[in-house]
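Participant: no letters, just coordinates:
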């Protein structure tokens, strides 16, 4: 399976101010071993054709945000596009695209199986 290649943080990302509103979930990121969790989910092949798939760790973090903030798939997609707080937690730079609502739905369906 080919995973999307996410770039390291850009210059613009490094210039965003460190504000408490953006760092609220940093302690969860530090507490969890997201690399190990993503590796344990790597067998989930939720995108067989087309573009490269989103890394399972990123998708799992997105689903956690969806649960914590009671969001629909479409609303989660919109907030990932425009919200620095969500991008920071999930691990997307300002230059990265975001998972579409249909990708979020498919990943959740496969996790439920």
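Facilitator: That came through, no problem. Given the structure is predicted, the values throughout are model-derived calculations rather than measurements. Numbering: from 1, shown residues only.
Participant: list the contacts of the residue lying closest to residue 37 once chain neighbours are set aside.
Facilitator: The shortest distance from residue 37 to any residue that is not its chain neighbour, by Cβ to Cβ, 6 or more residues apart in numbering, is 6.0 Å, and that residue is residue 57. The way it works is simple: take the backbone N, C-alpha and C, and place the C-beta from them, glycine included. By Cβ atoms under 8 Å, 6 or more residues apart in numbering, residue 57 lies in contact with 34, 35, 37, 38, 41, 91.
Participant: surely the third one is within a helix?
Facilitator: Yes. According to DSSP: H, G, I helix; E, B strand; the rest coil, residue 37 belongs to a helix.
Participant: what is the neighbour count of it?
Facilitator: Applying other Cβ atoms under 10 Å, we find 14 other residues in the vicinity of residue 37.
Participant: please apply the same query to the second one.
Facilitator: Using other Cβ under 10 Å, residue 35 has 9 neighbouring residues.
Participant: now the residue nearest to residue 37, what's its secondary structure?
Facilitator: Taking three-state DSSP as the rule, one finds residue 57 in the helix state.
Participant: picking up where we left off before, can I get the contacts of residue 57 in TSV with pLDDT and distance to residue 61?
Facilitator: Below are those laid out as TSV (pLDDT from 0 to 100; distance: Cβ to Cβ, whole Å):
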residue	pLDDT	distance to residue 61
34	80	7
35	82	12
37	82	9
38	79	9
41	82	11
91	89	7
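Participant: and the two most separated of these?
Facilitator: By the measure Cβ to Cβ, the contacts of residue 57 have their two most distant members at 41 and 91, which lie 14.6 Å apart.
Participant: might you list the low-confidence residue ranges for this structure?
Facilitator: 1-24, 45-51 (pLDDT under 70).
Participant: just the strands in it please.
Facilitator: Using DSSP state E, the strands of the chain do not appear at all; there are none.
Participant: can you give me the neighbour number for the residue nearest to residue 89 when sequence neighbours are not counted?
Facilitator: Using Cβ to Cβ, 6+ apart and skipping residues adjacent in sequence, the residue nearest residue 89 is residue 25, 4.5 Å away. Here the number of neighbours of residue 25 (other Cβ under 10 Å) works out to 17.
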